[in-house]
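**Q** Just to be clear, the model below is a prediction. Sequence and coordinates:
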Amino acid sequence: MSTQHPDPMPDPTPCHGAPRGRRRQRLAWLAAWAPLLLAALPVAPAGAASFQVSPSRFEFSIEQRYTNFFTITNNSADPVRVRIYPRFVAFDENGRAVERDNDPHDLGAWLVFNPRQVALLPRQRRVIRFSVRPPPNLTPGEYRAVVFFEELPSAPPTLEKKEEEPPQGVGLTLSLLTRLGVTLYGRVGQAVHEVALAEPQVDLTSAQLKFHGRLQNKGNGHEILRLRGELFDAGNASVAASENLYALHRDQQFNWTFALDKPAPGSYTLVLTGSSEQTRLVERVMPLTVGP
């Protein structure tokens with residue numbers, strides 16, 4: 001996700017005051033979570049990307065003006081033109097990305113870029129500086145935006161008609177344009193962590209136990225939640241387990257699901273636990289019976 005800079009530049013995402021062990025743990029969580037967001041954003045395939053942007057995310061306080069930079073690198077053998085603009089991206093109950101206007105938690109209107117459009121020669125790298133100028137008296141919590149880097153189409157070549165050459169047929173050339181997104185999280189005040197697990201249900205099929213329900217982020221910031229389901233038999237021995245990692249933004253609800261192989265007939269207990277980097281947030285115990 002990130003790129004090493006050959007020239008001496010300051011680290012654009014410092015961990016202010018974080019102990020070294022906690023920092024390593026945080027990086028492990030972020031490395032596991034990042035593909036979830038990138039899979040939901042409209043991004044060109046990796047093989048077709050003509051440029052790259054680093055870093056892939058920022059987290060910072062916006063209780064005062066904040067300034068930092070992106071680094072954009074042209075990986076292709078051709079010149080590219082890229083425009084930079086922010087959008088607010090939310091996720092629906094099934095994890096699909098939706099761009100919204102006028103969201104109360106959008107910090108895009110407070111962003112200033114320099115420059116807003118850039119042209120890069122082959123293999124060239126440029127720095128795009130940005131600042132966040134928040135209004136006063138913001139409600140405590142997290143505000144966010146996705147900064148998109150969108151490749152612009154090149155100008156079509158000039159065609160000169162030559163009378164002496166007969167027509168050779170019709171050709172079609174398609175160019176894939178890259179669009180990359182970098183997420184910015186700005187916070188005001190103290191973080192509140194609260195995730196609710198609602199409506200957990202079990203569906204029994206001929207081969208599986210399917211568990212599903214709804215996760216709701218009731219805190220004031222995003223959560224990276226590891227949801228684990230473990231099945232215990234009547235003797236309290238673990239029979240099977242499954243876990244998934246979910247990224248929940250502020251106010252987001254998400255329909256989760258996972259499946260376990262159907263065990264032998266008997267009485268069982270399913271223990272659902274949801275934990276984040278900070279603490280265990282949800283827990284639910286569900287007794288169930290598997291018939292013949």
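**A** Nice, I can see it. Since we're looking at a predicted model, the values are computed, not measured.

**Q** Val118 against Arg126, yeah?
**A** Yes - the criterion here is Cβ atoms under 8 Å, and Val118 meets it with Arg126 at 5.3 Å. Every C-beta, even on glycine, is put in place using the N, C-alpha and C of the backbone.

**Q** what residues do these two have in common as contacts?
**A** Shared contacts of Val118 and Arg126, defined by Cβ atoms under 8 Å, 6 or more residues apart in numbering, comprise Ile72.

**Q** so is Ala109 in a helix, a strand, or just coil?
**A** Classification of Ala109 by DSSP: H, G, I helix; E, B strand; the rest coil places it in helix.

**Q** Counting neighbours, what do you get for it?
**A** 12 (other Cβ atoms under 10 Å).

**Q** same question, Phe70
**A** Look at Phe70: counted by other Cβ under 10 Å, it has 21 neighbours.

**Q** which ones are touching it?
**A** The contact partners of Phe70, by Cβ under 8 Å, 6+ apart, come to Pro12, Val53, Ser54, Pro55, Val127, Ile128, Phe130, Val147, Phe149, Val182.

**Q** Report the buried members of these.
**A** Among those, those buried by neighbour count (16 or more other Cβ atoms under 10 Å) are Pro12, Val53, Ser54, Pro55, Ile128, Phe130, Val147, Phe149, Val182.

**Q** quick one: strands adjacent to the strand or helix carrying the fifth one?
**A** In other words, Ile128. Taking DSSP states H and E as the definition, Ile128 sits inside strand 125-132. In the sheet containing strand 125-132, its partner strands are strand 66-74 (antiparallel), strand 111-114 (antiparallel), by DSSP bridges.

**Q** got a list of contacts for that strand?
**A** 9, 60, 62, 65-74, 84, 107, 110-115, 118, 120, 147, 184, 186.

**Q** Apart from its chain neighbours, what residue comes closest to Phe254?
**A** Nearest-residue entry for Phe254: Leu215, 4.8 Å, with adjacent residues in sequence omitted and distances by Cβ to Cβ, 6 or more residues apart in numbering.

**Q** and if you look at Leu270?
**A** Closest residue in space to Leu270, ignoring its immediate chain neighbours: Met286 at 4.4 Å, by Cβ to Cβ, 6+ apart.

**Q** so what's the one you found up against?
**A** Contacts for Met286 (Cβ under 8 Å, 6+ apart) come out as Pro200, Val202, Thr269, Leu270, Val271, Leu272.
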